[in-house]
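S.K.: What shape does this take:
(2 chains)
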There are 2 protein chains.
Amino acid sequence: MRCEFHVAMADRGWPDCAKSLKGVVLDLCGVLYDSGEGDGVAIPGSIEAVQRLKTSDLQLRFCTNETQATREKFVAKLQRLGFDISVSEVFSPSPAAVAVLKQRGLRPHLLVYDGVLPEFDSVDQTNPNCVVIGDAAENFSYQNLNEAFRVLMGLEKPVLFSLGRGRYYKETDGLKLDVGVYMKALEYACDLEAEVIGKPSPMFFQSVLSDMGLQPCETLMIGDDLVNDVGGAQHCRMKGVQVRTGKYRPSDERHPTVTADGTVDNLAQAVDMILAQRGH
Amino acid sequence: MRCEFHVAMADRGWPDCAKSLKGVVLDLCGVLYDSGEGDGVAIPGSIEAVQRLKTSDLQLRFCTNETQATREKFVAKLQRLGFDISVSEVFSPSPAAVAVLKQRGLRPHLLVYDGVLPEFDSVDQTNPNCVVIGDAAENFSYQNLNEAFRVLMGLEKPVLFSLGRGRYYKETDGLKLDVGVYMKALEYACDLEAEVIGKPSPMFFQSVLSDMGLQPCETLMIGDDLVNDVGGAQHCRMKGVQVRTGKYRPSDERHPTVTADGTVDNLAQAVDMILAQRGH
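M.R.: Numbering: from 1, shown residues only, chains lettered A, B, ... in the order given. Below you'll find the predicted structure:
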């Protein structure tokens, strides 16, 4: 269907478009908090910013490529940091992957972080006929990557799922390689193309929109990853705003293919601007 | 210069072209031997095949992307396996990399196998301004790859050298991921293109030809890697023959972009055919 909001929003820059919004989708790591030792640390102003969105007339969802823990575990972590957030508001790749595996009758060889394994408890993992990789971090050893490679090379029709395609993320002690890097490694090793589950997959954004019952043009994504958060959302005709926290780098603002609808210092500033436009 | 041999060889199939050859270049792993525990094992017939080439009127060189040991060490290993081979006949990426680093005044951060480190002893490695990766095998841990990534991301003009771009190789206990896989990983992580030193770099093949004093059209490369041995040599207008040993897979014979000038069961068969054509 044609979306009248979309035309109007495209004509006006950020933050003018905030007037016509009905929903906001937030990335977690790098927007609400920086991960690292223990629970990580909340980004200044973000706890209050989430609270202000919750008490506004906007719908709010959280959309993450986090695959180091079950949703229950990392939502509990965010609650400990002080965020008002519940599991049902959070979309992450692992439950989406489980649904795809069951639908297609696939039995995964998992190369993921130990903490996320319980998400896959309900899936048959005997005699694997596909490989699923997540942000395995230290589990991305030479031996484990080799094992995933051998499983793929042994299949007549190798299928690789990657839970996201991010290049790196920022922890409190510096940048860390993300799952996309190992997806590229296995793609090259096996001469295949991975299927991405999670951002920037359009199907993943669509599942969030469906849950809110909103059109893309009524919805704004706020993230620190220019390509996967902002570009992914824009590809679905949502608006995308980047924060200058998390993995943000100044070179993002002159990226050759993705231009954010707006760039703000942090989530608190984004929420200030949105609510000001809406007369709050 | 125009090479008359080249036209003649292109018109005739393998093994007819063997009559006009003046030199043969052999890959090592997968052609002479299969690597694995200890020294690995010689491929049947290959020791005698090398000996027959040595006593023919053809020049002979060895060209490898081996970067797990110094040339001295792996030549000694081949000698223990029974091969008549000396260090001066062997071309490998590490000495070539050392020459490039010195020429360009670059100080490497090394992500390589411990055994090859002595090759780089003469190179200043303080305050690195580039990264060199080789076939590091178990050293390709998440932590080490992350460290190389951070060095590159910290450089204004990141430079990554990869000692080869192979996808995988075969050891006695199965296929193993090669350096090219990790090159692709870092290329994606840092959004850059690596410079390859070793096969299939034309400069690397040219250094072997220069050492023999031969034109490409007078020279045949025999290897088990269709893309890096055969395709790389053909790109330099050498002939390229693939053996069905080592990492060879039947699908190589219907590869979309590289077609070998000939495919033989093993090195012994190739040498039989070459010498038969030459009336030996």
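S.K.: Name the nearest residue to residue A:253, ignoring sequence neighbours.
M.R.: Among residues not flanking residue A:253 along the chain, residue A:263 sits closest, at 6.1 Å (Cβ to Cβ, 6 or more residues apart in numbering or on different chains). In short, each C-beta sits where N, CA and C put it, glycine included.
S.K.: Just the residues contacting the helix or strand hosting that neighbour, thanks.
M.R.: Per DSSP states H and E: residue A:263 is located in strand A:262-264. Outside strand A:262-264, the residues that touch it by Cβ atoms under 8 Å, 6 or more residues apart in numbering or on different chains are A:13-15, A:241-244, A:252-253, A:270, A:273.
S.K.: thinking again about what came up before, can you spell out which residues form a bridge with the residue nearest to residue A:253?
M.R.: Counting by DSSP bridges, residue A:263 is bridged to residue A:242.
S.K.: ok, now how distant is residue A:39 from residue A:172?
M.R.: 10 Å (Cβ to Cβ, to the nearest Å).
S.K.: Could you do residue A:131 as well?
M.R.: Counting by Cβ to Cβ, the gap from residue A:131 to residue A:172 is 31 Å.
S.K.: out of these two, which sits in the busier spot?
M.R.: residue A:131 (25 against 12; other Cβ atoms under 10 Å in any protein chain shown).
S.K.: Which pLDDT value goes with residue A:122?
M.R.: Residue A:122 is assigned a pLDDT of 97 by the prediction.
S.K.: Am I right that residue A:15 is in contact with residue A:272?
M.R.: No - if you go by Cβ atoms under 8 Å, residue A:15 and residue A:272 don't touch, sitting 9.2 Å apart.
S.K.: Look at these two and report which has more neighbours.
M.R.: residue A:15 (23 against 17).
S.K.: and residue A:273, what does it touch?
M.R.: Residues in contact with residue A:273, defined by Cβ under 8 Å, 6+ apart, are A:14-15, A:18, A:262, A:264.
S.K.: can I assume it sits in a helix?
M.R.: Yes - looking at residue A:273 with DSSP: H, G, I helix; E, B strand; the rest coil, it is inside a helix.
S.K.: State the distance from it to residue A:107.
M.R.: For residue A:273, the distance to residue A:107 equals 48 Å [Cβ to Cβ].
S.K.: try residue A:14
M.R.: 45 Å.
S.K.: Looking at the two, which is more packed in?
M.R.: For the pair residue A:14 and residue A:107, the greater number of neighbours falls to residue A:14 (20 against 13), based on other Cβ under 10 Å.
S.K.: The closest residue to the more buried one other than its chain neighbours: neighbouring residues, count only.
M.R.: Once flanking residues are discounted, residue A:14 sits nearest to residue A:262: 3.1 Å by Cβ to Cβ, 6+ apart. Here the count is done by other Cβ under 10 Å, and residue A:262 has 22 residues near it.
S.K.: So for residue A:262, what's the pLDDT?
M.R.: Residue A:262 is given a pLDDT of 95.
S.K.: Could you tell me how far it is located from residue A:217?
M.R.: Applying Cβ to Cβ, the value for residue A:262 to residue A:217 is 16 Å.
S.K.: and if you look at residue A:199?
M.R.: Taken as Cβ to Cβ, the span from residue A:199 to residue A:217 is 19 Å.
S.K.: Among the two, which residue is more densely surrounded?
M.R.: Using other Cβ under 10 Å, the more surrounded residue of residue A:199 and residue A:217 is residue A:199, with 29 against 23.
S.K.: give the contact list for that one.
M.R.: Residue A:199 touches A:27, A:63, A:65, A:164, A:205, A:223, A:225, A:228-229, A:232, counting by Cβ under 8 Å, 6+ apart.
S.K.: With residue A:101 instead?
M.R.: A:107-108, A:123, A:130, A:132, A:161 are the contacts of residue A:101 under Cβ under 8 Å, 6+ apart.
S.K.: Please see if the helix or strand where residue A:143 lies touches chain B.
M.R.: Under the criterion of DSSP H and E, residue A:143 resides in helix A:142-153. Yes - judged by Cβ under 8 Å from any Cβ of the partner chain, helix A:142-153 comes into contact with chain B at A:142-143, A:145-146, A:149-150, A:153.
S.K.: May I see those residues arranged in JSON lines, with pLDDT as well?
M.R.: What follows is the residues of helix A:142-153 next to chain B, written out as JSON lines (pLDDT from 0 to 100):
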{"residue": "A:142", "pLDDT": "98"}
{"residue": "A:143", "pLDDT": "97"}
{"residue": "A:145", "pLDDT": "98"}
{"residue": "A:146", "pLDDT": "98"}
{"residue": "A:149", "pLDDT": "98"}
{"residue": "A:150", "pLDDT": "97"}
{"residue": "A:153", "pLDDT": "96"}
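S.K.: Contact partners for residue A:14?
M.R.: Counted by Cβ under 8 Å, 6+ apart, residue A:14 has contacts A:239, A:241, A:261-262, A:273.
S.K.: Could you dump those into CSV with distance to residue A:84 added?
M.R.: Converted to CSV, the contacts of residue A:14 look like this (distance: Cβ to Cβ, whole Å):
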residue, distance to residue A:84
A:239, 24
A:241, 21
A:261, 26
A:262, 25
A:273, 21
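S.K.: What number of neighbouring residues does residue A:268 come out with?
M.R.: Neighbours of residue A:268 using other Cβ under 10 Å come to 20.
S.K.: ok, now which ones touch it?
M.R.: Counting by Cβ under 8 Å, 6+ apart, residue A:268 has contacts A:44-46, A:48-49.
S.K.: what sits against the closest residue to residue A:93 other than its chain neighbours?
M.R.: Nearest residue to residue A:93 in three dimensions, chain neighbours excluded: residue A:198, at 3.4 Å (Cβ to Cβ, 6+ apart). Going by Cβ under 8 Å, 6+ apart, residue A:198 touches A:65, A:67, A:92-93, A:96, A:162-165, A:204.
S.K.: So which of those is the closest to chain B?
M.R.: Of all the contacts of residue A:198, residue A:165 has the smallest distance to chain B: 9.0 Å, by Cβ to the nearest Cβ.
S.K.: Secondary structure class of the closest one, three-state.
M.R.: With three-state DSSP as the basis, residue A:165 sits in coil.
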